[in-house]
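Q: Give me a 3D structure for the following:
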Amino acid sequence: MPRDGFEEPGHNLRSTYWQFYRIRKEGQKICEVLCKLCPEGTSPTPYCGNTTNLRTHLQHYHQDAAYKLQESDAGSQGDSTGLLEGKSSVKRGCIDALLPRPSAEQRDRIHRRVTLWLLRSSGRPLTLPVRDADVRGIFEEIFKEGYTPPCYHTVIDILLSLSAEVKVKVMEALKKSLDLGIPPSIAGDIWSEGGIAIFGVLVYWIDADFNYFERVLAAIPFSAVRHTGEELERATKEACSAIGIGKYGTLNADVFEDTVVDFVHCTVSDNATNIVKGWESFDGHECNCHTLTLCVHTYLAADGVKEVFKKLRGMTGHFNHSVLGCKVLNDIQKTHQLPESKPPQDNDTRSGWGGAFKQAKWFLENKVAVQVYDIESLTKAATAVPIVDGSVYKDHRLHDFEWDIVRESVYILAYAAQAVDFLQGTSYPTASLVLPLVGRLAQMAHANSTLKYAGKAVLVLNEQVAHARQLLYKEIEKRYFNGLMDCKLEDFAVATLLDPRYKSFKFKNTQRWMRGNLTRDQAVSFLRKAFDADWKPATIESTDSGEKRKCNDGTSKKVTVASFLSDSDSEDDGGGEPVAGTDDLLVVDELAEYLAIVDARPEIALLDWWREHQSSPAFPMLPGWLVNSWLCLQ
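A: Next up, the predicted model:
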């Protein structure tokens, strides 16, 4: 029996869901609905303005009615479906009506979206729409053969079109920076697999609004070309010239132009001889992550350490190949309230040694479970009842002193792993972090420094670990200070001072922990030289007010390197007053104004700080060529 105030829906409510409901109005507006299928006395439901809650109610409480309604809608034609002809309602992953045959313009847009979908995952082959029957079936069900996914050749054509569009956008963005005198930097490397070689070149820059960009400049086929320095130089300059970074080639019959070097601020590469030779005409340096990897490899190759890490790989292979062994290990972990897991494979290709560190860290965290597994394995083996399929990891079992090597190695390598993680950042500049991070790493590797990790300290090291640690220290010393060219050390010193978080960095680590002679006075002189090369201010007598001028620190961001540097025993790690003898190097100009303000907090985002201060009356011309170019070193 109808409840008072409720009435049947009018003919203007055409959705088929309304046949199961009565409505109550206030004026011309529907305010409540009442389901006819619900028991008498059920409370009415507020109307939300569309049929979403009507459909949801049927699906949850009256599944039979919802199913019959769906079947009748699928078999009906025209307006009887409750939908206007040619339109669709896609909700909760369901399609209430078939989509019409797309127009040519709509087809091209769908082709483009499908191509982008294929590109966004390395596991999707470009031939997927043709080879995969399920993918084709999805489109056929939606369009009833009114649309066919793009074939491989169509995908390639769209890729070429997208490549051209991206190239134009990169050229336009680069031109704006070049017109403002802000040159980009480039990085490159060769990738080889399955007889195919590609020379990839990246370009990165910081624009006038302090936005950081990293784009693919070129991916050049290099299979049929000798990988010599001359070929790499030619390919690099041709790629740069094609996108507007300088000119390279014969423009007229008798004139050959080569101006690419003048428009590239810096290059970054690995330590391979061919690319170092090919890019020797550019100002540049080797990749810091690759250099740190070479340093860490010295530690991992030391006697005593390499044998332990070989055993870790053997034990990892056992747990990753033995299903029963892994199950027993997981049961032991559950008993000791440890997360159920197995050791990761040593296949980290980003840092070259990160997998070994993660592996050692896992064994340290699961030491109790692994040792219990050892005992149970030996017990079962003694009674001729093997615990796993096959045998346990035999000679790969660790002795007590080898567990000490694992623990101490994790403590040492954790510093290098954290430094590499910070330097691998692709969304923020990293040049200003090199000297603070390497100085901290060198401090840790020095024999006179107490080794700390996760709130714990190791006072006495295993003799073999102590020797390997000394080798690591010497390798850092050789590659970053004694063996680093003065011009490259200058680059990192300038970048450090241009970071408002570390512009009071005293470079004491470079003196205390290294035999290098870089001082803060020298670093400031390097900055002065770079500053005067672009803009030469009038020199005026310095007036020391006795206090540093204060400024807004900007917007606080998530802590990155701050916590890593905060444990340092050195006073280098951000902040602090300038050392005596520095002020006489400064003059009252923009550079002096910048160096005189209080350091920003370590957690401040670098580019956010400069974006906020780019129109500062104290140094209006400083943000530009100097800051944008030097911070863009990687």
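
Q: Can you classify the closest residue to Leu119 other than its chain neighbours by secondary structure?
A: Spatial nearest neighbour of Leu119, excluding adjacent residues (CB to CB, 6 or more residues apart in numbering): Leu159 at 7.6 Å. To be clear about C-beta, it is placed using only N, CA and C from the backbone, and glycine gets the same treatment. On the three-state scheme (DSSP: H, G, I helix; E, B strand; the rest coil), Leu159 is labelled helix.

Q: for Tyr428, same thing?
A: coil.

Q: could we number from 369 for the rest of this?
A: With the count now opening at 369, the last piece we talked about shows up as Tyr796.

Q: any idea how far it is from Asp867?
A: As judged by CB to CB, to the nearest Å, Tyr796 and Asp867 stand 11 Å apart.

Q: what sits in contact with each of those two?
A: Leu974 (CB atoms under 8 Å, 6 or more residues apart in numbering).

Q: for the residue nearest to Leu487, what are its contacts?
A: Neighbours of Leu527 in contact, by CB under 8 Å, 6+ apart: 483, 487, 494.

Q: ok, so of those, who is nearest Trp771?
A: Nearest to Trp771 among those is Leu487, at 46.5 Å by CB to CB.

Q: burial count for the closest one?
A: Residues within reach of Leu487, counting by other CB atoms under 10 Å, total 14.

Q: mind checking how far it is from Ala787?
A: Computed as CB to CB, the Leu487 to Ala787 distance reads 33 Å.

Q: Using the record's assignment, carve this structure into domains.
A: 384-463, 549-654 (automatic domain parsing).

Q: Highest mean neighbour count out of the ones you listed?
A: Per-stretch averages of neighbours, counted by mean count of other CB atoms under 10 Å, single out domain 549-654 among those, with a mean of 17.

Q: Which parts of this structure are strands?
A: 389-394, 397-403, 413-414, 458-459, 462-463, 553-561, 564-574, 580-589, 616-618, 624-626, 634-637, 652-654, 819-821, 824-826 (DSSP state E).

Q: How about residues contacting stretch 782-796?
A: Contacts of stretch 782-796 (CB under 8 Å, 6+ apart): 580, 582, 656-657, 660-661, 663-664, 718-719, 722, 725, 729, 798, 801-802, 805-806, 808-809, 812-813, 821, 928-929, 932, 973-975.

Q: Then stretch 614-632?
A: Here stretch 614-632 has contacts from 546, 551-554, 604-606, 608-609, 613, 649-651, using CB under 8 Å, 6+ apart.

Q: what's the closest of those to Thr424?
A: Among the contacts of stretch 614-632, and counting by CB to CB, the member closest to Thr424 is Pro552, at 53.5 Å.

Q: Report pLDDT for the spatially closest residue to the closest one that is not a sequence neighbour.
A: Leaving aside its sequence neighbours, Pro552 sits nearest to Trp573 (CB to CB, 6+ apart; 3.8 Å). The confidence metric pLDDT takes the value 91 at Trp573.

Q: Enumerate the beta-bridge partners assigned to Trp573.
A: Residues in a beta bridge with Trp573, per DSSP bridges, are Phe581.

Q: shouldn't it be in contact with Phe581?
A: Yes. With contact defined as CB atoms under 8 Å, Trp573 reaches Phe581; the gap is 5.6 Å.

Q: So, low pLDDT: which residues of the stretch 719-868 of the chain?
A: The model of the stretch 719-868 of the chain has pLDDT under 70 over residues 719-720, 745-762, 851-854.

Q: what about the helices in it?
A: 722-733, 735-750, 768-791, 802-813, 831-845, 854-865 (DSSP state H, counting those that start in this stretch).

Q: among the ones you listed, which is nearest Asn642?
A: helix 854-865 (19.4 Å).

Q: Quick one, which of the contacts of stretch 782-796 are buried?
A: Applying 16 or more other CB atoms under 10 Å to the contacts of stretch 782-796, the neighbour count classes 580, 656-657, 660-661, 663-664, 719, 722, 725, 729, 798, 801-802, 805-806, 808-809, 812-813, 821, 928-929, 932, 973-975 as buried.

Q: thinking again about what came up before, format the contacts of stretch 614-632 as JSON lines; extra columns: pLDDT.
A: Output for these, formatted as JSON lines (pLDDT from 0 to 100):
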{"residue": "Leu546", "pLDDT": "88"}
{"residue": "Pro551", "pLDDT": "89"}
{"residue": "Pro552", "pLDDT": "91"}
{"residue": "Ser553", "pLDDT": "92"}
{"residue": "Ile554", "pLDDT": "92"}
{"residue": "Thr604", "pLDDT": "93"}
{"residue": "Lys605", "pLDDT": "93"}
{"residue": "Glu606", "pLDDT": "91"}
{"residue": "Cys608", "pLDDT": "91"}
{"residue": "Ser609", "pLDDT": "91"}
{"residue": "Ile613", "pLDDT": "91"}
{"residue": "Ser649", "pLDDT": "91"}
{"residue": "Phe650", "pLDDT": "91"}
{"residue": "Asp651", "pLDDT": "87"}
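
Q: The contacts of Leu527 in helices, which ones?
A: 483, 487 (DSSP state H).

Q: The contacts of Leu527 into JSON lines, with extra columns for pLDDT and distance to Val691?
A: Shown next, in JSON lines, are those (pLDDT from 0 to 100; distance: CB to CB, whole Å):
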{"residue": "Thr483", "pLDDT": "86", "distance to Val691": "40"}
{"residue": "Leu487", "pLDDT": "79", "distance to Val691": "36"}
{"residue": "Leu494", "pLDDT": "78", "distance to Val691": "36"}
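
Q: By mean pLDDT, flag the weakest helix or strand of this protein.
A: strand 458-459 (a mean of 38; mean pLDDT, DSSP states H and E).

Q: Enumerate every residue touching the nearest residue to Ile398 once chain neighbours are set aside.
A: What sits nearest to Ile398 in space, not counting adjacent residues and going by CB to CB, 6+ apart, is Tyr415, at 4.6 Å. Listed by CB under 8 Å, 6+ apart, the contact set of Tyr415 reads 391, 398-401, 421.

Q: Quick check: the gap between Tyr415 and Tyr429.
A: In this view, Tyr415 and Tyr429 are 17 Å apart by CB to CB.

Q: Low-confidence regions, the stretch 869-1002 of the chain specifically.
A: In the stretch 869-1002 of the chain, residues with pLDDT under 70: 876-885, 902-956, 989, 991-992, 1002.

Q: One more: the stretch 519-668 of the chain?
A: 619-621.

Q: Tell me if I'm right that Gln713 and Met683 touch.
A: No. Taking contacts as CB under 8 Å, Gln713 lies outside contact range of Met683: 11.8 Å.

Q: Who has more neighbours out of these two?
A: Set Gln713 next to Met683 and count neighbours by other CB under 10 Å: Met683 wins out with 22 against 13.

Q: tell me the contacts of the more buried one?
A: With CB under 8 Å, 6+ apart, Met683 has these contacts: 711, 731, 738, 761, 764-766.

Q: Neighbour count and distance to Val632 added to the residues you listed, as TSV?
A: What follows is these, written out as TSV (neighbours: other CB atoms under 10 Å; distance: CB to CB, whole Å):
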residue	neighbour count	distance to Val632
Pro711	23	44
Phe731	21	45
Val738	22	51
Tyr761	22	52
His764	15	50
Arg765	17	54
Leu766	20	50
